[in-house]
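**Student:** Below is the structure, and that's it, no one-letter string:
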Ligand SMILES: Cc1ncc(COP(=O)(O)O)c(C=O)c1O
């Protein structure tokens, strides 16, 4: 039954139908970008073909149509995240932009302190490092446990000792797939008067969230990791927080009125969406959300968990192979990141690609700080999504064994 | 760096040999990839190695293992092989510039700029008494010392000398003749013309030419140019040539009388004998100030030889 569903779903993805000789693509790099199903591609095409206009500023009919479509996408995303107010959804280009938006727009006050974990993606490290260098904030890094999990006690200890303004932390790590106990962390933070920004790049595509219940203050994520078009993203922020923030990009679409001396900003979300927006992308993202809801997160999680368990069990039999993070695959979502001493992960990834058209990622996955501290050169990362199959996993394992024999 | 060098070398090599072209394309792709490669991800050499291994591994794991183990050594060997090839290629260009042949003066062999090797082609003599294979280095023009005075010349006082041994109905002589004439005119070098009948049907022309030059050396060259412009088949037909001479207001009676003279017969015979033992095996054979060119060369080559 489940197998049949995957087979059907796979038919929606044009890339999965491709062939190079006898080889079919094995796409295991979903943490970077997912593939896109036909309805998303169609939505983008429809915009360009049928109503390729500007939203908001133009009164002609296609302009209105774009405005309606963008508003509908915003609504879909708000509903998808169980957010009460649509205006709390701000369209960005990606997770990185969302985090930078908060970092650059928050009214920081002297002595403000920000906490991050020790395994943040560069996108959730560099914006804070810059503010620290500019002496705008103080930044502390809270270490994870031995197996890369978040230790609430350590966070509480820091929160108790220091006055913290914001915690900005990866909800699910792209390095090892570990999802943090966000609800507990948020509660803890709020108890100590701190705000919480979650980097949801690897979470939103894989689990159903209820932001109203979660109580998170900010959540940034990317559309392209959840079937959406490249270069689309969302920043969710509570309305009262958005009202306190000063956008870091100003221009067309952000103001209600301007004179040579002054300007009056529009309310959120407009004041944060400066200039002409990626309408096709936003509309495509709306279609992606709709598609994901149809697939259902129960199915997605089950599918990823099963495949991860199978792959983990097989990989663990390879001598010296080290999987990063918890041994239990159920704690690693769709990600398996591993390395073999003496063997170059990038070499391995390149050979897998050229010999079997298997796409995995090798490197430090933009978490250089974590690797530098542990002196591990790189890992090979498999990142799964619901359309990956057992058959693909078997192809991967067989190709890996074959390659290891010659290296 | 490696890809840049490889691309550069292969670009040159592929001018000369089609087999290098697919490699060139690959090098170009590598170069392009190199330029867009994100430095934190993979190194170029690693990428190339993996691409090769990836292709080999599915066919022969053994070969893939071997390649992996000796990759550095093999790439060095290839690199030196490329260097050697580039040296050959550059030498080819240099030779072509100097001699109109990639392989050196009067040397045959493939040359991209002259794919059919026409710059080395001659119309071979119909029969030769020599049993030796044709060899440009064995050509000896010393017979000219005795014969020169009776041969047509454009400017005997010049110290620059071009000797053109050619045949009127041979394609390669016909190709070289106009540029040689042009060159002699421009530089005032002394052009000496020798008719070498590679085809039997033009043998009869020897005595005519001798007599034309004896009767009116100043009018000889205009007629000679005209003969080279005739359709090759017409040259073999004595009657056609005679009427041509007549059209050019030559006195056929005087020519016929000259042709009957013993002196003419001896001169023609002497020249033919001298040519037969000169080692000249085809036309055109051209000597410019001591350098011998067998086959029609680009004009630039003749001009350079004259300047030396
Ligand atoms: C955990 C995490 N945060 C942030 C990012 C950055 O996402 P983007 O490049 O879409 O801004 C990624 C991308 O891989 C990620 O995995």
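**Tutor:** Received it, and whenever you're ready, just let me know what you need. Just so it is clear, the model here is predicted, and its values are computed rather than measured.

**Student:** Quick one: name whatever helix or strand follows the helix or strand harbouring residue B:76.
**Tutor:** Taking DSSP states H and E as the criterion, residue B:76 maps to helix B:71-99. Scanning forward in sequence from helix B:71-99 by DSSP H and E, the next helix or strand is strand B:123-124.

**Student:** So which elements touch that following strand?
**Tutor:** If you count contacts as 3 or more C-beta pairs under 8 Å, 6 or more residues apart in numbering or on different chains; DSSP states H and E, strand B:123-124 packs onto helix B:171-187, strand B:282-283. Backbone N, C-alpha and C define where each C-beta goes, glycine included.

**Student:** in its sheet, what does that strand sit against?
**Tutor:** Next to strand B:123-124 in the sheet, as set by DSSP bridges, lie strand B:282-283 (antiparallel).

**Student:** Name the residues that touch the partner strand?
**Tutor:** B:122-125, B:134, B:165-167, B:170, B:172-173, B:196, B:198, B:294-295 (C-beta atoms under 8 Å, 6 or more residues apart in numbering or on different chains).

**Student:** Among those, which one sits closest to residue B:224?
**Tutor:** residue B:166 (9.8 Å; C-beta to C-beta).

**Student:** From chain A, how far off is the residue nearest to that closest one when sequence neighbours are not counted?
**Tutor:** What sits nearest to residue B:166 in space, not counting adjacent residues and going by C-beta to C-beta, 6 or more residues apart in numbering or on different chains, is residue B:173, at 3.5 Å. As for residue B:173, its distance to chain A is 56 Å (criterion: C-beta to the nearest C-beta, to the nearest Å).

**Student:** got a list of what residue B:173 touches?
**Tutor:** Counting by C-beta under 8 Å, 6+ apart, residue B:173 makes contact with B:123, B:166, B:167, B:228, B:283, B:284, B:296.

**Student:** How confident was the prediction at residue 31?
**Tutor:** By default, I'm working from chain A. Turning to residue A:31, the model gives it a pLDDT of 97.

**Student:** think we crossed wires, I meant chain B
**Tutor:** Residue B:31 is assigned a predicted lDDT (pLDDT) of 65.

**Student:** Likewise for the one 3 residues further on?
**Tutor:** In the predicted model, residue B:34 carries a pLDDT score of 56.

**Student:** sorry, back to before: just say which of the helices and strands packed on strand B:123-124 is most tucked in.
**Tutor:** Most buried of the helices and strands packed on strand B:123-124, by mean neighbour count (mean count of other C-beta atoms under 10 Å in any protein chain shown): strand B:282-283, with a mean of 26.

**Student:** any idea how far the one residue in chain A that gets nearest to chain B is from the ligand?
**Tutor:** Nearest to chain B, among the residues of chain A, is residue A:354, at 2.6 Å (C-beta to the nearest C-beta). Shown here: residue A:354 relative to the ligand, a distance of 24 Å by C-beta to the nearest ligand atom, to the nearest Å.

**Student:** close to the ligand, is the helix or strand bottoming out on mean pLDDT in chain A?
**Tutor:** Within chain A, no helix or strand scores below helix A:368-374, which has a mean of 88 by mean pLDDT, DSSP states H and E. No - using C-beta under 6 Å from any ligand atom, helix A:368-374 stays clear of the ligand, with a minimum separation of 11.8 Å.

**Student:** Now residue A:393: closest residue in space that isn't a chain neighbour?
**Tutor:** Residue A:393 sits nearest to residue A:311 (C-beta to C-beta, 6+ apart), 5.2 Å away.

**Student:** Which of the helices or strands spans the one you found?
**Tutor:** Applying DSSP H and E, one finds residue A:311 within helix A:297-315.

**Student:** which residues touch that helix?
**Tutor:** Contacts of helix A:297-315 (C-beta under 8 Å, 6+ apart): A:2, A:5-6, A:177, A:206-208, A:292, A:321, A:323, A:327, A:329-330, A:332-336, A:338, A:382, A:384-386, A:388-390, A:393, A:396-397.
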